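A.B. asks: Show me how the following folds:
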Amino acid sequence: MSYQAKNSEIHARQLDAQSVILTADLETGDGSTNLPSNVSVDNSTIETTLVTLNVGEVVSKCFKATVRNRDTGANTVIAAAPDLSVANHISITLDATGLTDVVIEIVYAVA
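C.D. replies: The predicted structure is shown next:
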């Protein structure tokens with residue numbers, strides 16, 4: 001039996017990562033209020049293709065963004081990687097055709 005050392009970079013990322021879960025209705029532009037205290041959603045940006053979360057700290061990386069229908073659990077494909085061009089925003093562009101009641105999970109790290 002051989003021993004494989006842990007990849008310290010991956011291990012560190014997992015320890016530093018934070019998860020945000022947003023429940024949203026992409027048809028009406030309403031986002032949930034069950035977010036961590038340091039995260040808010042810009043309801044004006046929730047449209048059929050864009051969701052922007054405002055994080056109270058500088059976001060250094062977004063590892064994962066999953067979007068699923070809350071009723072069926074079916075995942076929808078994210079059309080573009082999260083945009084971190086503004087230091088405390090995570091914007092995701094997604095194909096939300098036909099989705100009105102979704103759960104968006106974003107795993108990110110702060111600087």
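A.B. asks: The helix or strand hosting residue 52: partners in the sheet, and parallel or antiparallel?
C.D. replies: Assigned by DSSP states H and E, residue 52 belongs to strand 50-55. Each strand that pairs with strand 50-55, with its direction, by DSSP bridges: strand 39-41 (antiparallel), strand 89-93 (antiparallel).
A.B. asks: Tabulate the ones you listed in CSV, adding columns for mean pLDDT.
C.D. replies: Shown next, in CSV, are the strands paired with strand 50-55 (pLDDT from 0 to 100):
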stretch, mean pLDDT
strand 39-41, 88
strand 89-93, 86
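A.B. asks: Export the ones you listed to TSV and append columns for distance to residue 103.
C.D. replies: Using the backbone N, CA and C atoms, a C-beta is placed for each residue, glycine as well. Converted to TSV, those look like this (distance: least, Cβ to Cβ, whole Å):
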stretch	distance to residue 103
strand 39-41	13
strand 89-93	13
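A.B. asks: what about the helices in this protein?
C.D. replies: Counting by DSSP state H, the chain has helices at residues 8-16.
A.B. asks: got a list of what the residue positioned nearest the centre of it touches?
C.D. replies: The centroid of the chain falls nearest to residue 106 when counting by Cα atoms, centre = their mean (2.4 Å). Going by Cβ atoms under 8 Å, 6 or more residues apart in numbering, residue 106 touches 19-22, 53, 62, 64-66, 82, 90, 92.
A.B. asks: what's the answer for residue 36, then?
C.D. replies: 18, 20.
A.B. asks: Low-confidence regions, this protein specifically.
C.D. replies: 1-15, 48, 73, 75-80, 95-99 (pLDDT under 70).
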